[in-house]
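Participant: Predicted coordinates and the sequence they were generated for:
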Amino acid sequence: MDMEIDEPTNGTSSSRLAPIEEVKPTPKQIKRIAAHSHVKGLGIDTETNEALPEGAGFVGQIAARTAASIIVDMIRMKSMAGRAVLLAGPPATGKTAIALAMSHELGDGVPFVPLVASEVFSSEVKKTEVLMRSFRRAIGLRVKETKDVYEGEVTELTPVETSESSGLGKTISHLLIGLKTAKGSKQLKLDPSIYDSILKQRVEVGDVIYIEANSGIVKRVGRCDVYASEFDLEADEFVPMPKGDVRKSKDIVQNVSLHDLDLANSRPQGRQGDVTNIVSQLMAPKKTEVTDRLRSEINKVVNEYIESGVAELMPGVLFIDEVHMLDVECFTYLYRALESPMAPVVVFATNRGTTTVRGLDDKAPHGIPPEMLDRLMIIPTMKYNEEDVRKILAHRTEAENVQFDEKAFDLLSRVGSEKSLRYALQLIAPARLCAQTCGREIIDLGDVERCTKLFMDRSESLLKAEEAQKRLTEKNSK
Ligand SMILES: Nc1ncnc2c1ncn2[C@@H]1O[C@H](COP(=O)(O)OP(=O)(O)OP(=O)(O)O)[C@@H](O)[C@H]1O
């Protein structure tokens, strides 16, 4: 549709503006779909506290989901810190999906740190150091402070230049800023360094901001809701005009992790022992190493703040997938770390049965030493029946926005239950491509059959490898 903008009526310009075309969204928008994007939570019935047969994108696995929801409740009640959970079951039985659903249920305030056990082995950083960092990332701290601030809607923003100019041009001597609240207004004269931070946050007249009185830290709260109807579509967050005086005491809550505090305090100029200062330096680049001494200093300060009620500890979740990849040294380290007073909840996952513990000659269930296994709450996950596989595939096809005809979907479901769910999930994208190359949007039986012939599943490839090995030994023995 062609549209024309009316000519300006103020007489400043008489030239007609170019016609503006309405931009229509391209019909086929490519969206990135992650493996678990159909899972939105654990799907628990709020009345019975039991997992629903189907809910929040999850299908079946009722006992495991109910157990996971009890763990989530315990984390919320803070009676879970320092404990560990193991999700154990065959491949593609939803262990990672359950862990992710737990993080959805916990919400943003509680940290959730995912880690694959093989990430621990780096040639540059010690494995215990990687574990320690992840542990501290998973421990949140909610710092509550009452600060003296100037808060209001910006009514004026005038940088004042110096009267005498240096060879390089004029510099800013100070900034005049007007702040208005429902009760009154004030004009402030600010240091030019504060102007930099105002520019960085793109503060404009009409925004609501606050400036900390003793440190000069500026924070843009949002756009004043008086301007809410200015545009049809707004990306900004609208906030009401502050009530009360411009200068007041305000409760400020910030969520940080212990690792954030370690990094912020490892800066050479970081004043140790002052959480407020540490928090304000979070954006600073890392300059020195985080040592054990620095960590224990921070723990000491954090403990003082917790005792005095300024901060609240929020133990989060550290999720370690493929836990059988950890070695005996990592496990020994984990026993100790889990016993420390500041420990998150650790959720392990593995699809291994009895296997060798890395670094030992002994075999153990899930490749986990018995001492560790003893401390774990184990949640088993079970293989799916054909009906569940069908439902999971239906959720995935919806998330990936693909359409199968009935016979094609029947075959895909059969492949999923007879071979493996993952194999069937992986066939969705190539089958869609096969259909598209034939000019169809709906995948038919032929597309799925073609893909099952082109791509082997795990058991078929194992069979082929074994046959090849047999032929080779026969040839060598002749
Ligand atoms: N009960 C379920 N409901 C819905 N989707 C599921 C369910 N179980 C698994 N899935 C989906 O199947 C796929 C494989 O599951 P997931 O990666 O969680 O398995 P896993 O048990 O962690 O496997 P592995 O042991 O190989 O790491 C994912 O896309 C996941 O979202």
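Facilitator: Structure's in. What do you need?
Participant: Every contact and neighbour count from this point should use C-alpha atoms.
Facilitator: Fine.
Participant: who does whatever helix or strand Gly178 lives in touch, helix- and strand-wise?
Facilitator: Take DSSP states H and E as the rule and Gly178 turns out to sit in strand 172-180. Where contact means 3 or more CA pairs under 8 Å, 6 or more residues apart in numbering; DSSP states H and E, strand 172-180 is packed against strand 139-161, strand 185-190, helix 192-200.
Participant: can you tell which of these is closest to the ligand?
Facilitator: strand 139-161 (23.8 Å; CA to the nearest ligand atom).
Participant: And the closest residue to Cys434 other than its chain neighbours, how far from Ser413?
Facilitator: Using CA to CA, 6 or more residues apart in numbering and skipping the chain neighbours, the partner closest in space to Cys434 is Asp447 (5.8 Å). As judged by CA to CA, to the nearest Å, Asp447 and Ser413 stand 14 Å apart.
Participant: Val226 - that's part of a strand, no?
Facilitator: No. Counting by DSSP: H, G, I helix; E, B strand; the rest coil, Val226 falls outside a strand, being helix.
Participant: before we move on, back to that, rebuild the helices and strands packed on strand 172-180 as a markdown table, extending it with mean neighbour count.
Facilitator: Written out in a markdown table, the entries for the helices and strands packed on strand 172-180 read as follows (neighbours: other CA atoms under 10 Å):
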| stretch | mean neighbour count |
| --- | --- |
| strand 139-161 | 20 |
| strand 185-190 | 16 |
| helix 192-200 | 14 |
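Participant: Tell me who's in contact with the residue nearest to Leu175 when sequence neighbours are not counted.
Facilitator: Distance criterion CA to CA, 6+ apart; nearest residue to Leu175, sequence neighbours excluded, is Pro159 at 4.4 Å. Pro159 is in contact with 172-176, 195, counting by CA atoms under 8 Å, 6 or more residues apart in numbering.
Participant: Show me which of these is closest to the ligand.
Facilitator: The ligand has its nearest neighbour among the contacts of Pro159 in Tyr195, at 47.7 Å by CA to the nearest ligand atom.
Participant: Does the closest one touch Ile177 like I think?
Facilitator: No. Counting by CA atoms under 8 Å, Ile177 is not a contact partner of Tyr195; they are 9.8 Å apart.
Participant: separation between Thr381 and the ligand?
Facilitator: In this view, Thr381 and the ligand are 8 Å apart by CA to the nearest ligand atom, to the nearest Å.
Participant: Can you get me a residue count around that residue?
Facilitator: As a burial measure, Thr381 scores 22 neighbours (other CA atoms under 10 Å).
Participant: Who are the contact partners of it?
Facilitator: 61, 64, 87-90, 93-95.
Participant: so which of these is the most crowded?
Facilitator: Most surrounded of these: other CA under 10 Å gives Lys95, at 27 neighbours.
Participant: Okay, and the beta partners of the closest residue to that residue other than its chain neighbours?
Facilitator: Nearest residue to Lys95, sequence neighbours excluded (CA to CA, 6+ apart): Leu87, at 6.0 Å. For Leu87, the beta-bridge partners under DSSP bridges are Ala349, Ile379.
Participant: is it true that Leu427 touches Glu449?
Facilitator: No. Counting by CA under 8 Å, Leu427 does not reach Glu449; the two are 10.1 Å apart.
Participant: out of these two, which sits in the more crowded spot?
Facilitator: Leu427 (18 against 14).
Participant: Dihedrals phi and psi, the more buried one?
Facilitator: phi -80, psi -20 (degrees, to the nearest 10).
Participant: Now mean pLDDT and distance to Arg352 too, for the helices and strands packed on strand 172-180, in CSV please.
Facilitator: Compiled in CSV, the helices and strands packed on strand 172-180 are given as follows (pLDDT from 0 to 100; distance: least, CA to CA, whole Å):
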stretch, mean pLDDT, distance to Arg352
strand 139-161, 85, 29
strand 185-190, 85, 62
helix 192-200, 82, 51
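Participant: which stretch among these comes nearest Leu472?
Facilitator: strand 139-161 (54.8 Å; CA to CA).
Participant: all strands for the stretch 351-478 of the chain, in order.
Facilitator: 354-356, 363-365, 376-380, 403-404, 442-443 (DSSP state E, counting those that start in this stretch).
Participant: What helices and strands are in contact with the longest one?
Facilitator: Contact partners of strand 376-380 among helices and strands, from 3+ CA pairs under 8 Å, 6+ apart: helix 62-76, strand 84-88.
Participant: Could you export the shortest one as PDB, keeping only the C-alpha atoms?
Facilitator: As requested, the backbone C-alpha atoms of strand 84-88 are provided in PDB (Å, rounded to 0.1, in the frame of the first residue of the first chain):
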ATOM      1  CA  ALA A  84      23.100 -32.500  45.000                       C
ATOM      2  CA  VAL A  85      20.700 -34.200  42.700                       C
ATOM      3  CA  LEU A  86      21.400 -36.700  39.900                       C
ATOM      4  CA  LEU A  87      19.100 -37.100  36.900                       C
ATOM      5  CA  ALA A  88      20.000 -40.600  35.500                       C
END
